[in-house]
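# quick one: sequence and predicted model below, then my questions.
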Amino acid sequence: MSAPGRSQAHMPARDRAKGSPVSRPGPPLWLLAELTYRCPLHCVFCYNPVDFATQSSELSTDEWLRVLREGRELGAVQCGFSGGEPLLRDDLETLVAEAHRLGYYTNLLTSGVGLTAERAAALEAAGLDHVQLSFQDSTREVNDFLSHTKTFELKSRVARLIKEQGWPMVMNVVIHRLNIDHIDRIIAMAAELGAEYLELANTQYYSWAYVNRAQLLPTHEQLRRAESLTDAWRARLEGRMKIFFVAPDYHEGRAKKCVNGWGSVFLNVAPDGTALPCHTAKMLPGLEFPNVREHSLRHAWYESEGFNRYRGTGWMKEPCSTCEHKERDLGGCRCQAYLLTQDAEAADPVCEKSPHHGLVVQAVATAERGAAEHPLVFRDPVSSRRLGACAQAELATQVDNETGAIATR
């Protein structure tokens, strides 16, 4: 994809492909502060960049405080603190307190590692509104294997600690081939621990999950059974716990909006201060994303090339440009399109109308034949530096769509 000229970056209210006016976007309602890429876990499906080990820069406390103020001035109403593991930041309580003072609804997205009784009390006093706690599985063996850490018992203790503080608890479990057959026990565990919400998030295949796609992609039968069990639990737990089953892209045959639409409601600030319209947008070549150390959030949201490039529908080409569903899905995921086709402007290949849909069909067919036998690649600094040595485009071309294998040499 060729980079748009600099003159285009200053045309946020213009459809660059056709020259027709587009409406000015509303405010970013959800600000996600990715405080750090440091994390004690090594999850095989992590959405952090595969080259995170080469990105050690982090905003200072004062810089994050300015980001929070600018986000609120823009109209953001919810602020999430994530990572990596946000509890590795010693200033987390300070940031939560300022977000609370500014009027944000605040949530902490955590593995639980580092959430002691003392820190929980301090965060509650700072005004934290709720906690999303991640589990990898309902069993110690699989949970600890997938995260490459011994954390299952710790997470169970943290779940009880969250309830003791009176916070609403969202339990998040990323679902894939290696744990989807445990979904009955996963839901039972969430109910036993008192979660108000359970998010069963089928793996999205980018970043580390893309590297491990051949081992993580489930079969159609696994998904059918998981959805059936989830529906049964919903009926059983009605009024006690809400269960969200996030449908998988690869098996549906239709694209979904990227975080409700590129540059629509979601603003992500990476640890180094890069402002992004989604977690993984930095992988896309030819785009310039502003850094909050040099630009205001207002500039990033309304004026920057990166946020305006895929807003609306004017950037689309066939088959998206004439599709009756283009306003519904807005072309799907740009990162997924780039990873699979090397063209960020292509139709998302998960869509049946995409000329590249065969790549997804082939990957699913490979999963039906059985998971690949080569080892999983865990999210750790050594693997990150090795993968970071490859350009993202080169990494994408290392997928063998027949075997599903991805070279990591």
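Yes, it's here. Since this is a predicted model, take the numbers as computed values, not measurements.
# neighbours around residue 307, how many?
If you count neighbours by other CB atoms under 10 Å, residue 307 ends up with 27. Bear in mind the C-beta positions are built from the backbone N, C-alpha and C, glycine included.
# and if you look at residue 26?
Neighbour count for residue 26, taken as other CB under 10 Å: 11.
# what's near enough to touch it?
Each residue near residue 26 by CB atoms under 8 Å, 6 or more residues apart in numbering is listed here: 75, 264, 265.
# one more: residue 159?
Counted by CB under 8 Å, 6+ apart, residue 159 has contacts 112, 133, 169, 171, 193, 194, 195.
# where's it, which helix or strand?
Using DSSP states H and E, residue 159 maps to helix 152-164.
# pLDDT averaged over that helix - what is it?
Helix 152-164 carries an average pLDDT of 96.
# right, and residue 99 touches residue 68 too?
Yes. Judged on CB atoms under 8 Å, residue 99 makes contact with residue 68 at a distance of 5.3 Å.
# looking at those two, which is more packed in?
A direct count of neighbours by other CB under 10 Å for residue 99 and residue 68 places residue 99 higher, at 30 against 24.
# just the element for the more buried one, please.
If you go by DSSP H and E, residue 99 is part of helix 92-102.
# report the distance from that helix to the chain centre.
23 Å (CA atoms, centre = their mean, to the nearest Å).
# check which element follows that helix along the chain.
Per DSSP H and E, the first helix or strand lying C-terminal to helix 92-102 is strand 105-110.
# could you pull out the buried residues of that following strand?
Residues of strand 105-110 classed as buried by neighbour count (16 or more other CB atoms under 10 Å): 106, 107, 108, 109, 110.
# per-residue pLDDT of the first one, please?
According to the per-residue confidence, residue 106 scores 98 in pLDDT.
# that one and residue 34: what is the separation?
Going from residue 106 to residue 34 by CB to CB, to the nearest Å gives 15 Å.
# sorry, back to before: drop anything exposed from the contacts of residue 26.
Buried among these (16+ other CB under 10 Å): 264, 265.
# counting by contacts, list what the helix holding residue 99 packs against.
In terms of contacts (3 or more CB pairs under 8 Å, 6 or more residues apart in numbering; DSSP states H and E), helix 92-102 is packed against helix 61-74, strand 78-82, strand 105-110, helix 117-126.
# wait, which of the ones you listed is closest to residue 381?
Minimum separation from residue 381 across the helices and strands packed on helix 92-102 (CB to CB) falls at strand 78-82, 19.4 Å.
# chain center to the closest one: distance?
Relative to its parent chain, strand 78-82 has a centroid offset of 13 Å by CA atoms, centre = their mean.
# from here on, call the first residue 333.
Noted, 333 is the first residue going forward, which turns the last one into strand 410-414.
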